[in-house]
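Trainee: What follows is a predicted structure for the sequence shown.
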Amino acid sequence: MATAEELAALVRTLADPDGHARGRAAESLMKLRAPAATPLLIAALDHDDDGTRQLAARILGESGDPKAAAALIAILDNPNDSIAREAAVALGTLKAAGAEDVLTRTMQSRNAGVRTAA
């Protein structure tokens, strides 16, 4: 089991300029499925870097932690279509309570990719 410091370091690495490092960190976080990573990943949804936000959404979906649902719902209307689409996919993967209703409403989105993901 990873320590809180190790989890925080992995989440920080999601913003690394090296795409290979970001990918390895994302893969590690997905494999760990550590509940302690959820708040760190939720915080990463507000990162300045679009790729970091997208990775965080994907990992939250794969985590299976229903605590991530509210944060993912909040970014469904993100102006970056890739982030909004990733949030919709993550919500569908989570199958959290109430997510189905939100995804049904999201199917009316202006963004074709988000509609398809929902």
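Mentor: Right, received. Where do you want to start?

Trainee: ranges for the strands of the protein?
Mentor: With DSSP state E as the definition, the chain shows no strands.

Trainee: For it, give me the ranges with low pLDDT.
Mentor: Applying pLDDT under 70 to the chain picks out residues 103, 106-118.

Trainee: middle-most residue in it, spatially?
Mentor: The centre of the chain sits closest to residue 57, judged by Cα atoms, centre = their mean, with a distance of 0.9 Å.

Trainee: What separation do you get for the closest residue to that one other than its chain neighbours and residue 9?
Mentor: Distance criterion Cβ to Cβ, 6 or more residues apart in numbering; nearest residue to residue 57, sequence neighbours excluded, is residue 86 at 4.1 Å. For glycine as for every other residue, the C-beta is placed from the backbone atoms N, C-alpha and C. Distance, residue 86 to residue 9, by Cβ to Cβ, to the nearest Å: 23 Å.

Trainee: who's more crowded, these two?
Mentor: residue 86 (27 against 14; other Cβ atoms under 10 Å).
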